[in-house]
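Peer 1: Model the structure of this input:
(2 chains)
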Number of protein chains: 2
Amino acid sequence: MAAPAVKTDNATPNFLAACRRQPVSHTPVWVMRQAGRYLPEYRKVREKVGFTGLTRSPELAAEVTLQPIRRFALDASIIFSDIMVPIEGMGVDLEYAPGPVIGTPIRTLKQVEELRPLIPEEGVPFVMEAIKLTRAGLPAHVPLIGFCGSPFTLFSYLVAGKPSKEFSVPRAFAQAEPEISAKLMDKLADAMIVYLKAQAGAGAQALMLFESWGGLLGPTDYARVALPHVKKIIDGLKDVGVPIIYFANQCGGSLSSIAALNADVIGLDWRTSLGGARKILGPHKAVQGNLDPAHLFSSPENLRLRVDEVLADAGPGPGHIFNLGHGIWPETDPDSVARLVDYVHARTAR
Amino acid sequence: MAAPAVKTDNATPNFLAACRRQPVSHTPVWVMRQAGRYLPEYRKVREKVGFTGLTRSPELAAEVTLQPIRRFALDASIIFSDIMVPIEGMGVDLEYAPGPVIGTPIRTLKQVEELRPLIPEEGVPFVMEAIKLTRAGLPAHVPLIGFCGSPFTLFSYLVAGKPSKEFSVPRAFAQAEPEISAKLMDKLADAMIVYLKAQAGAGAQALMLFESWGGLLGPTDYARVALPHVKKIIDGLKDVGVPIIYFANQCGGSLSSIAALNADVIGLDWRTSLGGARKILGPHKAVQGNLDPAHLFSSPENLRLRVDEVLADAGPGPGHIFNLGHGIWPETDPDSVARLVDYVHARTAR
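Peer 2: Predicted coordinates:
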């Protein structure tokens, strides 16, 4: 394979260039849940405010979003929030204990019909405020990512009513009540389109959909149950003009369906080979991932070996954003994150 | 593809023929956790005895093993037990609450060294007794499967100390302490070899290894951390003369490593395409699986469509054992299981 061309346009941050499969001066790197409990400065903020309060305070959400950027040479930032936040804006009563717990799990057509359409400026104005404040605090080379949950993932929480190991209730519901399930996911897709547009309008420079529970579905169910609603969202965003990232967690068996989506970047978990995925996804998609969060517990020497494996798997071509394959664990040593970021940069400098 | 030859040897049960990729008169079917809470007759037994008591009573274990065979036209039986049962025979203090909880999680070399080698006849004689009693109660065309957990899966429980969503503790431990981890898994492999040999000696006609947590590892880690110990067990059983089934749960990304194992059958979860897997595993392995347990909640009509999808994916060649892609859920309607079994038989009769 030919070596990538040297990046010449210093005005485009490496992260955005990689999203568009353009040359970069180094492989950009960020970390899912990089604003989180593994950072002492985050824990300090959380001593004063609960999780819901934090998502609802633009100042504090911006502060914790900026914390990892101050500490590490990260190439992207993601607004601190939660995929269930806009669901509250649709009239669903929920709290975090610590995972999302729904007052009345959604199991009937009537409940689906009663869900309010989301009006982001009324339902969740604090998210857009947080995005504006964060943008003002970020250096120009660090773009800000806005995000939402994908319809099937949100559906799983809404029907289960609480976090669950196997999510057997929503999985059984999706089979027993396919029409109600599709109606709910369609309504969620409409809400996520306006939500992501509002985030881009407030300054988000890329938009990410989290299919956190996509791996609950086999490939035929994924294509039948989850994919149409993801496609609706992504197609609904085509005029927004910012890169779209779809994190297809544990969906390695469904990549041939995912290849048909108009996403710019596919995020992959650590069980899915980046190189194998690139072959299926084709040359018009960038990939993001996929170091196992467990590898941040390796010795510094072994961590470098694991990073080398990820980089070799991704290959030398453009269009790779380095990330973990899932969110960072609260027990992680921040120094290990610093070593990761610096090593990815040093190893890929062009 | 040519139609499979008609089976002529009526003395070989369909399940064992399929394990060896020989012609069958219908595709054999059984269900992981077929002796379990979804059956009222099982719940009735459990009213009188706890889970541990049930695994330790040969009479009651045989009774619940035979219950689904009386009710459904299943083609195989699996002895009622738990993968952690032999671990108790190695001197580890554990109870079920309801998942396995270890008195003192294993985290040091000293603890690994203090584990007793397993002597099945002394540590867990009741398992072999249960196998003998069950065999005496089974019809000749329904073979009995013995089983154990794979070393990485047992390691995950032993280091975590309790069931966990992400098993972050053992996954971090495997990276931070690779030598202690390998020593523990090697010791577990030795124990599982003698344990499975004892089960075969007592009458088990096939042996299955459950890699329930293999999907926690990415492909390179799977090959480095888990696979060598599985290989040791399977190679250690080569003179036993019964088919070996390896259930590689959520290991779809690791099939090219798994192809090198001397297992007769690879069990696959519902996220891994049977047809795709067969291409990677080659013509010398049978496959087992992989209906999503959620599909037993479909309407009878949709269940038939889902079964058709699994059968089409497996292809018409020999060497497919129909099963779920994971254990049956306690909330499942037994009538749905009856419909599944009868439809697989009707649809594949040759």
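Peer 1: and stretch A:250-267, what's its mean pLDDT?
Peer 2: Stretch A:250-267 shows a mean pLDDT of 97.
Peer 1: any weak-confidence spans in the stretch 151-300 of chain A?
Peer 2: Within the stretch 151-300 of chain A, no range satisfies pLDDT under 70.
Peer 1: what ranges do the strands span in it?
Peer 2: Taking DSSP state E, counting those that start in this stretch to define them, one finds strands in the stretch 151-300 of chain A at A:206-210, A:244-247, A:265-267, A:286-291.
Peer 1: Which of the ones you listed sits closest to residue A:171?
Peer 2: Among the strands of the stretch 151-300 of chain A, strand A:206-210 comes nearest to residue A:171, with 18.2 Å by Cβ to Cβ. C-beta: built from backbone N, CA, C; applies to glycine.
Peer 1: How far away from the center of its chain is stretch A:47-63?
Peer 2: 19 Å (Cα atoms, centre = their mean, to the nearest Å).
Peer 1: Could you work out the end-to-end span of that stretch for me?
Peer 2: 14 Å (Cα to Cα, to the nearest Å).
Peer 1: Up against chain B, what does the stretch 151-300 of chain A have?
Peer 2: Within the stretch 151-300 of chain A, the positions near chain B by Cβ under 8 Å from any Cβ of the partner chain are A:163, A:165-166, A:168, A:171-176, A:178, A:215, A:217-221, A:250, A:252-253, A:270-273, A:276, A:290, A:292-295, A:297-299.
Peer 1: From those, which land in helices?
Peer 2: Among those, the members found in helices (DSSP state H) are A:168, A:171-176, A:178, A:219-221, A:276.
Peer 1: Tell me the buried residues within these.
Peer 2: A:168, A:171-175, A:219-221, A:276 (16 or more other Cβ atoms under 10 Å in any protein chain shown).
Peer 1: Could you check how far the residue nearest to residue A:203 when sequence neighbours are not counted is from residue A:72?
Peer 2: Distances taken as Cβ to Cβ, 6 or more residues apart in numbering or on different chains place residue A:135 nearest to residue A:203, at 4.1 Å, with adjacent residues excluded. Residue A:135 sits 19 Å away from residue A:72, going by Cβ to Cβ, to the nearest Å.
Peer 1: same deal with residue A:200?
Peer 2: Applying Cβ to Cβ, the value for residue A:200 to residue A:72 is 25 Å.
Peer 1: Repeat that for residue A:193.
Peer 2: From residue A:193 to residue A:72 the distance is 32 Å (Cβ to Cβ).
Peer 1: And residue A:330, by the same measure?
Peer 2: Applying Cβ to Cβ to residue A:330 and residue A:72 gives a distance of 17 Å.
Peer 1: State which one residue of the stretch 1-150 of chain A is found closest to chain B.
Peer 2: Among all residues of the stretch 1-150 of chain A, residue A:99 sits closest to chain B, at 9.6 Å; criterion: Cβ to the nearest Cβ.
Peer 1: How many residues are close by that residue?
Peer 2: 14 (other Cβ atoms under 10 Å in any protein chain shown).
Peer 1: Isn't it up against residue A:161?
Peer 2: No - using Cβ atoms under 8 Å as the test, residue A:99 is too far from residue A:161 to be in contact (10.7 Å).
Peer 1: picking up where we left off before, could you identify the most distant pair in the buried ones among the ones in helices among the residues of the stretch 151-300 of chain A next to chain B?
Peer 2: A:173 and A:276 (32.4 Å).
Peer 1: Just the element for residue A:55, please.
Peer 2: According to DSSP states H and E, residue A:55 maps onto helix A:51-56.
Peer 1: How about the helix or strand that that helix is followed by, which residues are buried there?
Peer 2: Using DSSP H and E, the helix or strand that follows helix A:51-56 in sequence is helix A:58-71. Using 16+ other Cβ under 10 Å as the test for burial, helix A:58-71 gives A:58, A:60-69.
Peer 1: helices or strands next to the first helix or strand past helix A:58-71 going along the chain in the packing?
Peer 2: Next helix or strand after helix A:58-71 toward the C-terminus (DSSP H and E): strand A:77-78. Packing partners of strand A:77-78 (3 or more Cβ pairs under 8 Å, 6 or more residues apart in numbering or on different chains; DSSP states H and E): helix A:58-71, strand A:144-149.
Peer 1: who's in contact with residue A:47?
Peer 2: Under the criterion of Cβ atoms under 8 Å, 6 or more residues apart in numbering or on different chains, residue A:47 has no neighbours.
Peer 1: hmm, I was thinking of residue A:57
Peer 2: A:49, A:126, A:130.
Peer 1: got a list of contacts for the host helix or strand of the last one?
Peer 2: The reference is to residue A:130. Secondary structure from DSSP H and E places residue A:130 in helix A:125-137. Helix A:125-137 is contacted from outside by A:55-59, A:61-62, A:65-66, A:77, A:79-81, A:85-86, A:120-121, A:144, A:146, A:198-199, A:201-204, using Cβ under 8 Å, 6+ apart.
Peer 1: Of these, grab the buried ones for ChimeraX.
Peer 2: The ChimeraX command for the buried members of the contacts of helix A:125-137 (criterion: 16+ other Cβ under 10 Å) is given here:
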select /A:55,56,57,58,61,62,65,66,77,79,80,81,85,86,120,144,146,198,199,202,203,204
